[in-house]
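Peer 1: sequence and predicted model, in that order:
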Amino acid sequence: MAPVAYSGRMPNTALQKQLLLHEQLYTDLVEEGVYEVFPYYNDEENVQFIPPMCLGLRKHEVLCNTLQIGKMMDLNVTNNSKEATRGGSTKTLIHFAQNVKNKVFDRFDYGDGANKQIYGHRGKSPRYALEAITVRTVIIFAPTDEMIDEKDIYELASNMTNVKLRKVERPKYKHDDFIAGQDVMHDVYNSIIEDLPENKKNVTPDHKKKTNRSFSWWIGLIIFGVGLAIVIIICIKIFRGKKGSEKKQTVENT
């Protein structure tokens, strides 16, 4: 649902502008010791679990607001609990920003030196091998999603195999509507439920053999049961016929 992979054409221009400065943002966060969304400090009395403080620093308030953290995480304007604001790694945010800026879907770029150590070569980080994904996949997206352009969805699909696209045609359908939309059951989830029985067709050869053997066993049992019933019926008729003849013979003798 609404996969954020290729994002170079992101319609949310305000967020895109912030993410293009990811190198400075990453430097600032590392220098401040911020490695997670809604970071927890030892001095918890000063922690503000409010959407604008998602990165712990007032100077990144614009980014938090542009990301619509409050709406995405269904947070209150004030007084959110630590449990309600459990977020994720800021590295994920920077990784996302790298791919937005470079218009690619690559692994995390650590820079030449670290890339050599981690990936085995200098230069850019390697691409994700999307062609290796062969499992049957349905990509559900909305043309009005502010986080992903429709062309980015097509680019993602073109690099995969065994994939089909499903478009949500509802006007002004947004990225968070895939989770919190009022009609998400009708617009998205029902189609997923309808797809589930199709998985029964995708059984392994071993499972097919077991299924066939099980089917043959039941057929054999039914045939045996029918045959046994016929034999019993014939025996009953013969017994009744023999008993009737003996009774008739006794009457005649009398």
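Peer 2: Alright, I've got the coordinates.
Peer 1: the stretch 101-250 of the chain: strands as residue ranges?
Peer 2: In the stretch 101-250 of the chain, the segments counted as strands under DSSP state E, counting those that start in this stretch are 137-141, 163-167.
Peer 1: buried residues, stretch 35-54. List them.
Peer 2: In terms of neighbour count (16 or more other CB atoms under 10 Å), stretch 35-54 has its buried residues at Glu36, Val37, Phe38, Pro39, Val47, Phe49, Ile50, Pro51, Pro52, Met53, Cys54. From N, CA and C alone the C-beta is placed, and that goes for glycine too.
Peer 1: what's the lowest-pLDDT member of those residues?
Peer 2: On pLDDT alone, Val47 ranks lowest of the buried residues of stretch 35-54, at 75.
Peer 1: hang on, it packs against Tyr41?
Peer 2: Yes: Val47 lies in contact with Tyr41 (CB atoms under 8 Å); the separation is 6.0 Å.
Peer 1: now do stretch 87-99: distance to the chain's middle.
Peer 2: Between the mean C-alpha point of stretch 87-99 and the mean C-alpha point of its chain there is a distance of 19 Å (CA atoms, centre = their mean, to the nearest Å).
Peer 1: cool, and stretch 143-157?
Peer 2: How far stretch 143-157 lies from its chain's middle: 17 Å, per CA atoms, centre = their mean.
Peer 1: tell me which residues are up against that stretch.
Peer 2: Stretch 143-157 is contacted by residues 2-12, 15, 105, 130, 139, 141, 163, 165, 167, 169, 171-175 when judged by CB atoms under 8 Å, 6 or more residues apart in numbering.
Peer 1: repeat that for stretch 4-12.
Peer 2: For stretch 4-12, the external contacting residues (CB under 8 Å, 6+ apart) are 16, 66, 96, 99-105, 128, 130, 145-149, 151-153, 155-156.
Peer 1: how about stretch 58-75?
Peer 2: Counting contacts by CB under 8 Å, 6+ apart, the residues outside stretch 58-75 that touch it are 12, 14-15, 18, 25, 28, 37, 49-55, 76-77, 84-85, 87, 176, 180.
Peer 1: ends of that stretch, how far apart?
Peer 2: Here the two ends of stretch 58-75 are set 18 Å apart, with distance taken as CA to CA, to the nearest Å.
Peer 1: tell me which residues of it are tucked away?
Peer 2: His60, Leu63, Cys64, Asn65, Thr66, Leu67, Gln68, Ile69, Gly70, Met73, Leu75.
Peer 1: mind listing the helices for the stretch 151-254 of the chain?
Peer 2: 177-180, 184, 190-195, 205-253 (DSSP state H, counting those that start in this stretch).
Peer 1: picking that back up, reformat the buried residues of stretch 35-54 as JSON lines; add distance to Ile223.
Peer 2: JSON lines is the format used below for the buried residues of stretch 35-54 (distance: CB to CB, whole Å):
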{"residue": "Glu36", "distance to Ile223": "66"}
{"residue": "Val37", "distance to Ile223": "65"}
{"residue": "Phe38", "distance to Ile223": "67"}
{"residue": "Pro39", "distance to Ile223": "70"}
{"residue": "Val47", "distance to Ile223": "74"}
{"residue": "Phe49", "distance to Ile223": "69"}
{"residue": "Ile50", "distance to Ile223": "72"}
{"residue": "Pro51", "distance to Ile223": "69"}
{"residue": "Pro52", "distance to Ile223": "74"}
{"residue": "Met53", "distance to Ile223": "74"}
{"residue": "Cys54", "distance to Ile223": "68"}
